[in-house]
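> predicted model and sequence follow; I will ask about them next.
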Amino acid sequence: MCLAVPGRVLDIDERDGTRVATVDFGGVVKEVCLEYLPDLKVGEYAIVHVGFALQRLDEESARRTLELFAELGMLQEEFGDPWEAAAGAGAAHTGEEAHR
């Protein structure tokens with residue numbers, strides 16, 4: 001699943017003529033393109049989808065959403081290591097068949 005996740009802008013830079021930001025998603029830090037929100041500032045929150053900041057968001061809404069995603073395990077699903085997830089799924093599947 002691919003979610004739109006709120007994150008807080010930590011810093012802003014320019015790479016090859018494109019504004020990019022380092023964004024904190026509740027402890028997971030990723031680089032994000034700011035082309036759709038060129039006036040976004042450090043400290044502000046935005047909803048990010050597939051690496052693009054799409055909409056500015058207030059801090060309270062961002063925090064509530066991140067807490068809910070964390071409770072549901074959706075942040076790990078979205079940002080976790082895909083190799084680790086695949087290995088875990090494989091181990092679970094192998095364990096099920098061993099009990100049959």
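Happy to help now that I have it.
> any buried residues in the longest strand belonging to the chain, and which?
When the chain is parsed with DSSP state E, its longest strand is strand 5-15. Within strand 5-15, the residues that count as buried by 16 or more other C-beta atoms under 10 Å are 5-9. C-beta here means a position set from N, CA and C on the backbone, and glycine is covered the same way.
> output the contacting helices and strands for that strand.
strand 18-25, strand 28-33, strand 45-49, helix 59-72 (3 or more C-beta pairs under 8 Å, 6 or more residues apart in numbering; DSSP states H and E).
> ok, the first one: who's next to it in the sheet?
Strand partners for strand 18-25, identified by DSSP bridges, are recorded as strand 5-15 (antiparallel), strand 28-33 (antiparallel).
> could these go into CSV alongside distance to residue 63?
Shown next, in CSV, are these (distance: least, C-beta to C-beta, whole Å):
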stretch, distance to residue 63
strand 5-15, 8
strand 28-33, 15
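> can you say which of these is nearest to residue 57?
Nearest of those to residue 57, taken as C-beta to C-beta: strand 5-15 at 5.2 Å.
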